[in-house]
Structures are given as C-alpha cells and as structure tokens.
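Colleague: need a structure here:
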Amino acid sequence: MSARAWLAWWRQPRTRGALAVLLPLLLAGVFAPAYPRSPTQQDLRATLRPPGHVTEVGVRYVLGTDQLGRDLAARVLHGTRTSMIVGAIALALALSVGTVLGLLAGYFGGLIDSVVTGVTETLMALPFILLAIAIIAAVGATPTVVVLTLGLTGWVSFAKLVRAKTLELRDEEFVQASRALGARTPRTLRRHVLPNVAPLLLVDGTLQFGALVLAEAGLSFLGLGIRPPTPTLGGILAEGQVFLAVAWWISTIPGLVLLAIVLSINVLGDTLRDALAPDG
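Modeller: From the prediction side, this is the model:
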C-alpha cells in the first residue's frame, strides 16, 4: 500500500471517525487488568445497581452491577479484551491458512487447485453456526477450541481471494522472468506474488476481524463460546437478557460496545477499499 493510498485513506472523515471510536475501546481492552476491581468479584448486597450507583461505603459502580453484584465496568472491559484477543488470534490463523492455500492453488493449479477449491466450496455451503456447534460439541468449549473453530472456518474468503489474484499474476512477465532466472517457487511467491496480494488481504482482513469478533460474541451468547467465569461481551449479553425489564444496562452496555467495535472496524475496511480502488 503506497504512501499516497495511506494518505487518501487517512483523509477520509469516516476513517478518523472510526478510529476515534475504535482506538479508545482497544486501549480500554488492553489496559483492562489495570481496572481496580475484578470482573468476577461478587457483592450480593449490591445486585442490579444502576450505572453511577454509590454504595454506603463509597464504592462507585460506573456502569452498575449485574445479578450477582459484579462490577459491570470491569466485566465489559475484560470482555472487550477477550473478544479482541480471540478475534486477533483467529484472524492470524485464518489469514495464514487461507493465504498459503490460495497461493498454492492459484500458482500450481491442477490437483492442488481442485482440492482447495472443493474444500472452500464445501465449507461455504455449510452454515457457520452448525459447523461450530458440531466442532464444539465434539471437542468442548475451551478458549483454544473456540479460536481454532473461528480460524479454521474463516480462512475460506482469504483462500478464494488469494487464489483469484494469483491466477492473474502467475502469467505476468515479472513472474515469468523470476522463473526463467531460476528462482525457487517459495522465493517467487514471497517476492513477486505476495506483495501484490497484500493490499487485498489488508482490506479483507480488516473486514474479517469484525466478523470474527461478532462470531465469537454469537457463540458465547449461545453458550458455545468461552465459558464463565471468563467474561465475554456475548456472555454478558446472554446473562443480562433475563433482566432487561429491571436492569437494562447489563445487556445494553456490552451490546453497544460490541456494536461500536464491529461497526468501526467495518467502516475502516470500507475506507481502505476505497483508498485502494483504482480511482481512489
């Protein structure tokens, strides 16, 4: 991505607006352990307290408490941290697998291309949630399993994108020249093909990160994600839905945080795509 494209991306008002929303949430998640109260500490004398509640001993609950008297601010901060970490690791896994398979399928073609294309088409035909339920039911809902489930079902879009671009590039003169000069295939792919695919991966990776964060929240909401007591945004949403009539903040606040994260990430992906467009 050239300096001109970066400048065009930064100059878009939507980019700065999305970063103004996303960066504070990212920083809040990163420094969540610095928050003075634990997300799992219970106080049954202060259950379902509204945002801003101050106890008799002067303890202030900025975002209120849940049904067990746990500090909602601490839970949302740690839930944001968990969602970001799971999404980032799953994205790295999906990006690595999808890029490698896409490069091999597009560059070599033949049997490798047929196998990779067949697997991607099969995975795309299966609803994600059914596949996730099957995997987690068979193996169990641990953080590692959740990350692997998201990563090993999220690589399909990367593989299809990289394969299509590699098919275009393998017949270009600079790739043919690299072959003629005796460069090994890994070097040709790394030096000549991958740099031309990277901008597309940057855009798709940004959009996929938001999708993975949302998918993790969806699994946790359904009880298929990371199990309590570890707080997740989806898990807090699920716990609070029973108390919506009397404690709206338990579900509303993490829901708004999740909405802000996913929406701002999607906006950044859209503006990146606009900046990398031929007329951008």
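
Colleague: which stretches of this structure have low pLDDT?
Modeller: Applying pLDDT under 70 to the chain picks out residues 1-2, 56-57, 278-280.

Colleague: which residues in it form strands?
Modeller: 53-54, 60-61 (DSSP state E).

Colleague: Point out the most buried one among those strands.
Modeller: Compared across these, strand 60-61 shows the largest average neighbour count, a mean of 17 (mean count of other Cβ atoms under 10 Å). Glycine gets a C-beta too; all of them are placed from N, C-alpha and C.

Colleague: which helices and strands does it pack with?
Modeller: For strand 60-61, the packing partners by 3 or more Cβ pairs under 8 Å, 6 or more residues apart in numbering; DSSP states H and E come out as strand 53-54.

Colleague: in this protein, which spans are helices?
Modeller: 3-10, 13-30, 72-108, 110-125, 128-139, 143-154, 156-169, 173-180, 185-188, 194-221, 233-240, 249-276 (DSSP state H).

Colleague: Columns distance to Gly235 on top of the strands of the chain, output as CSV?
Modeller: Output for the strands of the chain, formatted as CSV (distance: least, Cβ to Cβ, whole Å):
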stretch, distance to Gly235
strand 53-54, 22
strand 60-61, 19
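
Colleague: Pro231: which of these is closest?
Modeller: Nearest to Pro231 among the strands of the chain is strand 60-61 (15.3 Å), distances taken as Cβ to Cβ.

Colleague: Show the contacting residues for the residue nearest to the spatial centre of the chain.
Modeller: Residue closest to the mean C-alpha point of the chain, counted by Cα atoms, centre = their mean, is Phe209 at 2.9 Å. Contacts for Phe209 (Cβ atoms under 8 Å, 6 or more residues apart in numbering) come out as 87-88, 91, 265.

Colleague: What of Leu131?
Modeller: 123, 149, 153.

Colleague: just the buried members of these?
Modeller: 123, 149, 153 (16 or more other Cβ atoms under 10 Å).

Colleague: any chance of the residues you listed in CSV, plus distance to Ala137?
Modeller: Formatted as CSV, those follow (distance: Cβ to Cβ, whole Å):
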residue, distance to Ala137
Leu123, 18
Thr149, 11
Thr153, 15
